[in-house]
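A.B. asks: Would you be able to build a 3D model of this:
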Amino acid sequence: MSQAIIDAMDIAINRLVDGFIANPWLHRVEHSLHCELFMLLKESHALSGVMEGKGFTTQLVHKEWPEPQKSGTRPRRGNFDLAVLKPTAQNWGLDDFRYGRAPLVAAIEIGLNYSLRHLQGDLRKLQESGVPNRYLIHFATPRCRSQKGVIEAVLDLIEKEQPNRLKIAYVDHSQNVLRKLGDTEISSITTE
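C.D. replies: Numbers count the residues shown, from 1 in each chain. Purely as a prediction, here's the structure:
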């Protein structure tokens, strides 16, 4: 796996975070954030290319990629918001691609104004997936009321993230706090 892919993902996600900090009302729904991040990821040279499977060509970045289930007893929840395919895995066929069995470099889950329960569900999905690089991104707009306990849960995740290879980005305008990828703790939002 190329470190350039992970670096490009981190940069794109932090650009999404910066945009949300500056303008939390730019996106009305979570799916709009998915589209924005998809575009930011594809702007990177490391993620803009295509790869060859057995008899077909596809791109590296995908939206709504089927969730693999490596362990756990939780019923399959559905799809990852965004996923990046492993560029060197060319020994898979069209059915592997169609049914989401192609190997992933990373999976991303994004939340907008969701409750602690939703955040925990996204976390569990990522943890049980077996995907080597996992991203959990959570945003809350000003005056959002569904954030009870979310900051505490994110702080707890930050302490445990290294062994799990989980990267967390977090912005909560209602409580004036943020955490970009690479930060070690949650800090205050500053406006200039």
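A.B. asks: So in terms of bridging, what pairs with the residue most central in space within the chain?
C.D. replies: Nearest to the geometric centre of the chain sits I108, at 2.2 Å (C-alpha atoms, centre = their mean). I108 forms beta bridges with L82, Y135, as assigned by DSSP bridges.
A.B. asks: Contact partners for the nearest residue to N176 once chain neighbours are set aside?
C.D. replies: Nearest residue to N176, sequence neighbours excluded (C-beta to C-beta, 6 or more residues apart in numbering): I189, at 5.0 Å. All C-beta atoms are positioned from the backbone trio N, CA, C, and that covers glycine. Listed by C-beta atoms under 8 Å, 6 or more residues apart in numbering, the contact partners of I189 are I21, V171, H173, N176, V177, L178.
A.B. asks: Quick one, grab the pLDDT at I189.
C.D. replies: Here the pLDDT value assigned to I189 is 90.
A.B. asks: Against E152, how distant is it?
C.D. replies: Distance, I189 to E152, by C-beta to C-beta, to the nearest Å: 18 Å.
A.B. asks: In the helix or strand harbouring V105, which residues have enough neighbours to count as buried?
C.D. replies: According to DSSP states H and E, V105 maps onto strand 104-112. By neighbour count with 16 or more other C-beta atoms under 10 Å, strand 104-112 contains the buried residues L104, V105, A106, A107, I108, E109, I110, G111, L112.
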